[in-house]
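S.K.: Okay, predicted coordinates and the sequence, questions at the end:
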Amino acid sequence: MATAVYPGSFDPITLGHIDIIKRLTPLYDEVVVLVSYSPHKNYLFTAEERKEFLRSNLLDLKNVRVDVHQGLTVDYLKKIKAKVIVRGLRAVVDFEYEMAMASMNKKLFPDIETALFFASPDCYYISSRAIKEIARYGGNLNGLVPPNIQPILLEKLKLPT
């Protein structure tokens, strides 16, 4: 059974994330969307909140499950016996970072491969960081995040819905 792990902070989930996940599902028997957690990073949402956002927006995808992990992603892959990490690329600037990360992961766990998925043209400019910035200044989030996430994001930032 081929399992792919798509790790990320998903803080918050965007329509770009959902696009990649949906495109992965026909290619793998199982897709694990892995909410990464590090006590050294500042997140807007807790790991459990991010997990629930993903779960609630992926209910129609039967071969997708969502999990949370603190630590090295390669350790998680070893634990579940998966051998593919999926990473999304939005722009050329992402490539260098992802190339270095894929090389480091390969060094740590030689049996894994990193599959790079290009963002769809209608999603390549979407990032969680940009979403938070747009929300902080009252910008329109339609077409950027799932509709159920918009009011939660605005409430978290204490903005009127």
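M.R.: Yep, it's here.
S.K.: Now do the biggest helix by length in the chain: everything it contacts.
M.R.: Using DSSP state H, we find that the single longest helix of the chain is helix 92-108. If you take C-beta atoms under 8 Å, 6 or more residues apart in numbering as the criterion, helix 92-108 is touched by 72-74, 85, 87-89, 112-114, 116. Every residue, glycine included, has its C-beta placed from N, CA and C.
S.K.: Enumerate the positions of that helix that are buried.
M.R.: For helix 92-108, the neighbour count (16 or more other C-beta atoms under 10 Å) marks 94, 98, 102, 105 as buried.
S.K.: could you dump those residues to CSV with pLDDT and distance to residue 151?
M.R.: As requested, the buried residues of helix 92-108 are exported to CSV (pLDDT from 0 to 100; distance: C-beta to C-beta, whole Å):
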residue, pLDDT, distance to residue 151
94, 83, 29
98, 90, 32
102, 94, 37
105, 94, 36
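S.K.: avg pLDDT for stretch 133-146?
M.R.: Confidence for stretch 133-146, expressed as mean pLDDT, is 92.
S.K.: now the end-to-end length of it.
M.R.: End-to-end distance of stretch 133-146 (C-alpha to C-alpha, to the nearest Å): 16 Å.
S.K.: mind listing what's buried in it?
M.R.: Using 16+ other C-beta under 10 Å as the burial criterion, the residues of stretch 133-146 that qualify are 134-135, 141, 144-146.
S.K.: rewinding a little: in helices, which of the contacts of helix 92-108 appear?
M.R.: Using DSSP H, these in helices are 73-74.
S.K.: Could you single out the nearest of the buried residues of stretch 133-146 to residue 30?
M.R.: Within those, the smallest distance to residue 30 is 22.2 Å, found for residue 146 (C-beta to C-beta).
S.K.: what sits against the closest one?
M.R.: With contact taken as C-beta under 8 Å, 6+ apart, residue 146 is in contact with 13, 15, 18, 53, 57.
S.K.: Now with 10 Å, please.
M.R.: 12-15, 17-18, 53-54, 56-58, 152 (C-beta atoms under 10 Å, 6 or more residues apart in numbering).
S.K.: Could you do residue 142 as well?
M.R.: Contacts of residue 142 (C-beta under 10 Å, 6+ apart): 15, 150.
S.K.: Distance of it relative to residue 150?
M.R.: 8 Å (C-beta to C-beta, to the nearest Å).
S.K.: again, but for residue 85
M.R.: From residue 85 across to residue 150, the span is 30 Å (C-beta to C-beta).
S.K.: between those two, who's got more neighbours?
M.R.: Ranked by neighbour count (other C-beta atoms under 10 Å), residue 85 and residue 150 place residue 85 first, with 25 against 18.
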